[in-house]
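Participant: Fold the following and give me the result.
(2 chains)
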Amino acid sequence: MSVTTEQVESRVVETLASFGPDASQITRTATFEELDIDSLDLVELAQVVEDEYGVVLKGEDMKELKTVGDAVDLIVARAE
Amino acid sequence: MVDARQDGCALVTGASKGIGAAIARAIAGDGWGVGVNYRSDQPGADAVVAQIEADGGRAVALVGDVADPAVPDRLFAALESHFGCPVLVLVNNAGISADDLTPTLSDEAWNAVIDTDLSAAFRLTRRALKPMMRARSGRIVNISSVVGLRANPGQSNYAAAKAGLIALTKNSAVEVARRGITINAVAPGWIKTDMTAGVNTDLLAQVPARRAGTPEEVAACVRFLTSDAASYVTGAVLSVDGGLAA
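Facilitator: Down below sits the predicted model:
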């Protein structure tokens, strides 16, 4: 399934915003730490990503992700 | 009978008889559609379903040995499909015992009890949590035992599994508490069921209440923990044992 980076970024931002942070602060360079997004939030993000894009993100993958941009890029790369 | 709940359904493992059957009936009374899981006692499970339906509730019998790692996904898929909603209540009740003193306890007896009584609960919990997190709502109740809190010769495997279940309860509870999911344990003492039929009645003399408990007395506690009223109770162990663990 092909997805655009814009679609994925929009969905990721929307999902992360549902965990608490202000949408305006969720930029590509924002780190999860700055946004107060913890490992439980990332587990839930991975579930949304799997349901919608069929992309499976494992524990090891999630550990490498530091910024919102990292997550978006990984999802887009795996979706192809 | 309250209104049927449409937002989610419930799964009770090992519900063809005893404590599991009483729990299934109690939860169905709160409007939950209930999956009545059984391993081999189909007549028992069917009877539980029939009784729930006669009382105005909804239930479906689901076969599966929870010790089989492939079973959790199968049970959840069947239940989600049957009621058309996510499983928002999970009661890990299925359990076996295979008693022997520690010096002669076999690997088979150890592994079988750990698999069914502890590992299965973990796998079912893992499967339950993601939809519960998405729904921002969930109730998991793990049926432990007084033996997980106090020694009982001849049950090292059962005791280890039931104590492990308490640790699993607490750890998983604090991980997901902020998502509106509660995870608690109920620790029954001597309860009148097939599982304790052979138990030496001298042991009952040690129970402060001087009697065995009933499956309904355990089910009432599970019913409370799965209710909205218990939404601030999580990571807790509720003993239902006539004072035995006190």
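Participant: what comes up buried for the helix ranked longest in chain A?
Facilitator: Identified as the longest helix of chain A according to DSSP state H is helix A:39-53. Buried residues in helix A:39-53, counting neighbours by 16 or more other CB atoms under 10 Å in any protein chain shown, are found at A:40-49, A:52-53. Placement of C-beta: from N, CA and C, glycine included.
Participant: Helices along chain A, start to end?
Facilitator: A:5-17, A:39-53, A:59-64, A:68-79.
Participant: Relative to chain B, which of those is closest?
Facilitator: Of all the helices of chain A, helix A:39-53 sits nearest to chain B, with 4.9 Å by CB to the nearest CB.
Participant: now for the lengthiest helix in chain B, which elements pack on it?
Facilitator: When chain B is parsed with DSSP H, its longest helix is helix B:156-176. Applying 3 or more CB pairs under 8 Å, 6 or more residues apart in numbering or on different chains; DSSP states H and E, we find helix B:156-176 packed against helix B:107-114, helix B:120-135, strand B:138-143, strand B:181-188.
Participant: Run through who's touching the shortest one.
Facilitator: So that's strand B:138-143. Strand B:138-143 is contacted from outside by B:19, B:23, B:88-93, B:95, B:121, B:125, B:128-129, B:131-132, B:165-166, B:168-169, B:172, B:176, B:179-186, B:188, B:218, B:222, B:225-226, B:230, using CB atoms under 8 Å, 6 or more residues apart in numbering or on different chains.
Participant: same thing but at 6 Å, please
Facilitator: With contact meaning CB atoms under 6 Å, 6 or more residues apart in numbering or on different chains, strand B:138-143 is reached by B:88-93, B:121, B:125, B:132, B:165, B:169, B:181-186, B:222, B:225-226.
Participant: Direction included, what does it pair up with?
Facilitator: strand B:87-92 (parallel), strand B:181-188 (parallel) (DSSP bridges).
Participant: mean confidence score for it?
Facilitator: Mean per-residue pLDDT for strand B:138-143: 98.
Participant: ok, the residue of chain B positioned farthest from its centre to chain A distance?
Facilitator: What lies farthest from the middle of chain B is residue B:103; by CA atoms, centre = their mean that is 29.6 Å. Taking CB to the nearest CB, to the nearest Å as the measure, residue B:103 falls 40 Å from chain A.
Participant: follow-up on the earlier one: using TSV, please lay out the strands paired with strand B:138-143 together with mean pLDDT and mean neighbour count.
Facilitator: As requested, these are arranged in TSV below (pLDDT from 0 to 100; neighbours: other CB atoms under 10 Å in any protein chain shown):
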stretch	mean pLDDT	mean neighbour count
strand B:87-92	98	27
strand B:181-188	98	26
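Participant: Serialize the helices and strands packed on helix B:156-176 to a markdown table and add fields for distance to residue B:50.
Facilitator: Below are the helices and strands packed on helix B:156-176 laid out as a markdown table (distance: least, CB to CB, whole Å):
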| stretch | distance to residue B:50 |
| --- | --- |
| helix B:107-114 | 31 |
| helix B:120-135 | 25 |
| strand B:138-143 | 23 |
| strand B:181-188 | 25 |
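Participant: one step back: can you list the neighbours in contact with the longest helix of chain B?
Facilitator: B:97, B:102, B:110, B:113-114, B:117-118, B:121-122, B:125, B:142, B:144-145, B:147-148, B:183, B:185, B:234-235, B:237.
Participant: Please apply the same query to stretch B:207-219.
Facilitator: Residues outside stretch B:207-219 that contact it (CB under 6 Å, 6+ apart): B:18-19, B:22-23, B:26, B:188, B:190-192, B:240, B:242-244.
Participant: now do stretch B:2-18
Facilitator: Residues contacting stretch B:2-18 (CB under 6 Å, 6+ apart): B:20-21, B:23-24, B:27, B:31-38, B:41, B:44-45, B:66, B:79, B:83, B:85-94, B:193, B:215.
Participant: count of neighbours near residue 70?
Facilitator: Picking chain A for this. Using other CB atoms under 10 Å in any protein chain shown, residue A:70 is surrounded by 16 other residues.
Participant: try chain B instead
Facilitator: The burial count for residue B:70: 10, using other CB under 10 Å.
Participant: rewinding a little: looking at the contacts of stretch B:207-219, which has the most residues close by?
Facilitator: Scoring the contacts of stretch B:207-219 on neighbours with other CB under 10 Å, the highest-scoring entry is residue B:23 at 32 neighbours.
Participant: Could you tell me the angle between the host helix or strand of it and strand B:138-143?
Facilitator: Counting by DSSP states H and E, the element that carries residue B:23 is helix B:18-28. Helix B:18-28 and strand B:138-143 meet at an angle of 160 degrees, taking axes from the mean of the first three to the mean of the last three CA atoms, to 10 degrees as the criterion.
Participant: Can you name the next helix or strand after helix B:18-28?
Facilitator: Next along the chain after helix B:18-28, taking DSSP H and E as the criterion, comes strand B:33-38.
Participant: Would you mark the buried spots in that following strand?
Facilitator: Neighbour-count burial for strand B:33-38 flags B:33-38 (criterion: 16+ other CB under 10 Å).
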